[in-house]
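Undergrad: quick one, fold the following:
(one chain, ligands or ions: 1)
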Amino acid sequence: MSNIRDVIIVGSGPAGLTAAIYTARANLAPLVIEGEPSSTGDQPGGQLMLTSDVENYPGFVDAVMGPDLMGTFRAQAARFGADILTNKVSRVDLSSRPFSVWTDGNTPASSPEPTFQTRSLIVATGARALLLGLPAEQRLLGRGVSTCATCDGFFFKERHLGVVGGGDSAIEEALFLTKFAKTVTVIHRRKELRASKIMQDRAFRNPKLDFRWDSVVTEIHGEGSVTGVRLRDVITGEESALELGGLFVAIGHAPNTDLFRGQLDMDQNGYISTHDGSKTSVEGVFASGDVQDSVYRQAVTAAGSGCMAAIDAERWLEAAEHAAAQARSHA
Ligand code: NAP
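TA: Okay, here's the model as predicted:
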């Protein structure tokens with residue numbers, strides 16, 4: 001059994017690694033645990049690992065590649081002594097302190113001794129954009145297929161673009177893209193948008209936006225980059241081709257919170273609820289980044305909230321230590 005850690009951080013995106021930098025510099029010797037890349041959504045380094053040029057992360061005059069930026073975060077965390085372990089967390093027990101963490105497929109049933117115990121835990125497991133599941137989608141991700149207009153829209157000037165989805169995200173992305181694109185076609189599987197009325201009104205008034213109703217994308221075309229899609233009308237079954245210079249998939253996000261279900265309070269969409277900064281419903285457990293943010297979802301906001309979680313954890317550990325010392329002196 002390893003010794004009890006002060007801080008374990010689950011996740012190695014901008015939130016997790018920023019929390020690692022701050023807790024390492026506070027001499028808390030953090031352990032960051034990250035999964036391996038997998039088709040089920042594990043993405044060490046977070047969603048920036050799937051992004052090409054990042055131009056809106058402050059501090060970089062020129063674009064920086066997403067994986068390079070995360071490599072820099074990682075090197076900075078390591079420089080201050082953060083341990084980074086690539087090994088999927090399979091179970092956590094937050095019902096008593098110190099908290100218990102199992103990795104590598106182990107669970108309390110297979111291994112009563114947890115892999116690690118920790119006085120505090122920072123959850124930074126992020127969220128993943130839902131994708132259509134088409135064969136070409138993964139291959140063309142970052143090469144014309146995108147899940148983030150704010151991140152990538154700028155690179156699609158004067159192109160004909162498609163946006164899949166009918167919710168607020170899709171309409172927000174489509175409206176944003178009209179600032180750069182020649183035209184934007186929203187491809188929606190029904191005849192009615194799910195998006196809020198005000199967003200719908202804006203969309204219907206925008207001359208650069210048009211709609212393909214009752215339609216689903218069945219294929220994405222292109223070798224090095226997207227050249228178009230194949231659509232199927234779900235009412236008539238009719239197939240058609242649509243030439244596009246980029247495809248934005250905006251069919252929702254899912255927070256990576258399965259590990260914590262039933263142990264931490266979450267909102268109706270499964271995002272971890274936080275209060276007073278990064279505090280969760282369990283004392284000593286903090287959440288940062290996209291796992292608790294369905295609104296901003298930017299690398300810089302995730303990094304900022306990772307810093308908040310680190311400071312909250314450090315102060316909480318200090319207060320807990322102080323309370324324990326007082327209890328001992330009164331005993
Ligand atoms: P959402 O509301 O769940 O909408 C997802 C959209 O994608 C729906 O139109 C859905 O179609 C479609 N879709 C889902 N799976 C699909 C698939 N496999 N193929 C094709 N289409 C598919 O998700 P969201 O737009 O990301 O919004 C999530 C939450 O955040 C919502 O509560 C939203 O109001 C909020 N949000 C708010 C703002 C804002 O206020 N500015 C911006 C973004 C998000 P159906 O309609 O047929 O189900």
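Undergrad: worst mean pLDDT across the helices and strands of the protein, which element?
TA: Across the helices and strands of the chain, mean confidence by mean pLDDT, DSSP states H and E is lowest for strand 53-54: a mean of 78.
Undergrad: sheet partners, orientation included, of that one?
TA: strand 64-65 (antiparallel) (DSSP bridges).
Undergrad: distance between the partner strand and the chain's centre?
TA: In this view, strand 64-65 has its centroid 18 Å away from the chain centroid, taken as Cα atoms, centre = their mean, to the nearest Å.
Undergrad: tell me the helix or strand right after it.
TA: helix 66-79 (DSSP states H and E).
Undergrad: excluding its backbone neighbours, what's nearest residue 15?
TA: residue 289 (2.6 Å; Cβ to Cβ, 6 or more residues apart in numbering). (C-beta placed from N, C-alpha, C; glycine too.)
Undergrad: isn't residue 114 right up against residue 107?
TA: No - the pair formed by residue 114 and residue 107 falls short of the contact definition of Cβ atoms under 8 Å, at 9.7 Å.
Undergrad: what are the ranges of the strands in the stretch 1-150 of the chain?
TA: Using DSSP state E, counting those that start in this stretch, the strands of the stretch 1-150 of the chain run over 4-10, 31-34, 53-54, 64-65, 83-86, 89-93, 99-103, 116-123, 127-129, 145-146.
Undergrad: now the residue lying closest to residue 28 once chain neighbours are set aside: how far from the ligand?
TA: Nearest residue to residue 28, sequence neighbours excluded (Cβ to Cβ, 6+ apart): residue 6, at 4.4 Å. Distance, residue 6 to the ligand, using Cβ to the nearest ligand atom, to the nearest Å: 35 Å.
Undergrad: over to residue 160?
TA: From residue 160 over to the ligand (counting by Cβ to the nearest ligand atom), the distance is 20 Å.
Undergrad: and the stretch 51-200 of the chain, which of its residues are near the ligand?
TA: For the stretch 51-200 of the chain, the contact set with the ligand under Cβ under 6 Å from any ligand atom comprises 132, 164-170, 172, 189-190, 194.
Undergrad: export the residues you listed to TSV and tack on pLDDT and secondary structure?
TA: Putting these into TSV (pLDDT from 0 to 100; DSSP: H, G, I helix; E, B strand; the rest coil) gives the following:
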residue	pLDDT	secondary structure
132	97	coil
164	98	strand
165	98	coil
166	98	coil
167	94	coil
168	88	helix
169	87	helix
170	95	helix
172	90	helix
189	98	coil
190	98	coil
194	95	coil
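Undergrad: now the buried members of these.
TA: 132, 164-170, 172, 189, 194 (16 or more other Cβ atoms under 10 Å).
Undergrad: closest to the ligand among those?
TA: residue 167 (2.4 Å; Cβ to the nearest ligand atom).
Undergrad: please name the nearest non-neighbouring residue to that closest one.
TA: Here the residue nearest residue 167, using Cβ to Cβ, 6+ apart, is residue 194, at 4.5 Å.
Undergrad: residue contacts, the one you found?
TA: Residue 194 sits next to 166-168 when contact means Cβ atoms under 8 Å, 6 or more residues apart in numbering.
Undergrad: so what's the residue count around the closest residue in space to residue 25 that isn't next to it in sequence?
TA: In this structure, residue 25 finds its nearest non-sequential neighbour in residue 80, 5.2 Å apart by Cβ to Cβ, 6+ apart. Residues lying near residue 80 (other Cβ atoms under 10 Å) number 16.
Undergrad: and for residue 72?
TA: For residue 72, the number of neighbouring residues by other Cβ under 10 Å comes to 14.
Undergrad: and for residue 110?
TA: The number of residues packed near residue 110 is 11, by other Cβ under 10 Å.
Undergrad: how close does it get to the ligand?
TA: Following Cβ to the nearest ligand atom, the distance that separates residue 110 from the ligand is 35 Å.
Undergrad: now do residue 99
TA: Distance from residue 99 to the ligand, by Cβ to the nearest ligand atom: 30 Å.
Undergrad: now swap in residue 174 and tell me
TA: Residue 174 is 11 Å from the ligand, by Cβ to the nearest ligand atom.
Undergrad: repeat for residue 124
TA: Distance of residue 124 to the ligand, given as Cβ to the nearest ligand atom: 20 Å.
Undergrad: how far away is that residue from residue 239?
TA: 43 Å (Cβ to Cβ, to the nearest Å).
Undergrad: so for those two, which residue has more residues nearby?
TA: residue 124 (32 against 11).
Undergrad: so what's the more buried one up against?
TA: Taking Cβ under 8 Å, 6+ apart as the test, what residue 124 contacts is 9-13, 15-16, 19, 287-289, 291, 302, 306, 309.
Undergrad: burial count for the closest residue to residue 160 other than its chain neighbours?
TA: Counting by Cβ to Cβ, 6+ apart, residue 160 lies nearest to residue 183, which is 5.1 Å off, once chain neighbours are set aside. Residue 183: 17 surrounding residues under other Cβ under 10 Å.
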